[in-house]
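# Fold the following for me, if possible:
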Amino acid sequence: MAPTLLGLAAGLGTRFGGPKQLEALGPGGETILDFSVYDAIRAGFERTVLVIREEHRDAFTGGLVARWRGRMPVELVVQRTEPPRTKPWGTGHAVLSAAPALGGPFAVVNADDFYGRDAYGVLGDFLRGVPDDAATYAAVGFPLGDTLTDAGGVSRAVLDATADGRLRCTEEIREVVADARGDGVGRDVEGRTRTIRRDAPVSMGMWGFTRAVLPQLADGFRAFRDAHGDDARAEFYLPSLVDDVVAAGRASVRVLAGAGPWIGMTYPGERPRVAAALAALVARGEYPSPVWA
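Numbers count the residues shown, from 1 in each chain. Next comes the predicted model:
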């Protein structure tokens, strides 16, 4: 079965100041998601599911989805919260929200991250080669140094893998900035200073799953709600669920190399850099202008 692209587009963009997933950044007015869907089509993905907020439905339907009509079937799924909570429950819950729309293998991406066509090709090939019911997943890793910014510290999930590329666990390092050598310096969850090699693979939110992950997500979210349901800030993160099932021996995760370039932004001041990077890709002929010409 051809894989589905699952785009997580319900984020608040708190540090950016708004929904990055709807920002026109390409030279033809494209969003990053326009480039992602274009790359997914080239990699053999045949369908897109977007997890969105209800208040953004019209913007997606009248803009992005209209541009893709006739090229890629798209289904919109709303990630819902229960009052008084207004903050989304996190990336793990976002994927779980889309479960009824996922009938086979799927790739998870952040709607506001550009991963490059090679990453979609590698992940698409992996998903086509995995049995539908196997708990065999993939994490696409990008070199840490290629994901840092001069605009401020960022959080990164370092992928700790065996010599043959099997994920042991992810480790969140916060407020990471580049040092003079280009390596990353940040703090782990216990506040200890850590230096991470610039070539260390980090997850930028690009994963590959079979439907076997969906009951695992459902079980994990129930346990999360039992433990943290009263905390309005708590989030059920996808990497945490992956760590849990790997540690329990309930899944195997292959770390794939993403050639990139990864392009994304955390802060408003990064907008010109991102726009210039996308324009350069178009100028080199890697994408038409506009993408959906």
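# Would you mind listing the buried residues in the top helix by length along the chain?
What stands out as the longest helix in the chain, according to DSSP state H, is helix 213-228. Of the residues in helix 213-228, those buried by neighbour count under the rule 16 or more other C-beta atoms under 10 Å are Val213, Leu214, Gln216, Leu217, Gly220, Phe221, Phe224. Heads up, the C-betas are built off the backbone N, CA and C, glycines and all.
# just stretch 43-61 next, same as before
Residues of stretch 43-61 classed as buried: Ala43, Phe45, Arg47, Thr48, Val49, Leu50, Val51, Ile52, Arg53, His56, Phe60 (neighbour count, 16+ other C-beta under 10 Å).
# okay if I get the residues you listed as CSV plus distance to Arg117, pLDDT and secondary structure?
Converted to CSV, these look like this (distance: C-beta to C-beta, whole Å; pLDDT from 0 to 100; DSSP: H, G, I helix; E, B strand; the rest coil):
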residue, distance to Arg117, pLDDT, secondary structure
Ala43, 7, 98, coil
Phe45, 12, 98, coil
Arg47, 18, 96, strand
Thr48, 16, 97, strand
Val49, 20, 98, strand
Leu50, 20, 97, strand
Val51, 23, 97, strand
Ile52, 24, 95, strand
Arg53, 28, 91, coil
His56, 26, 90, helix
Phe60, 23, 90, helix
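# hmm, which two among the residues you listed are most spread apart?
With C-beta to C-beta as the measure, no two of the buried residues of stretch 43-61 lie farther apart than Ala43 and Arg53, at 27.2 Å.
# pLDDT of stretch 77-84, averaged?
Rounded to a whole number, the mean pLDDT of stretch 77-84 is 88.
# Revised request: answer the last question for stretch 157-174.
Stretch 157-174 shows a mean pLDDT of 97 in the predicted model.
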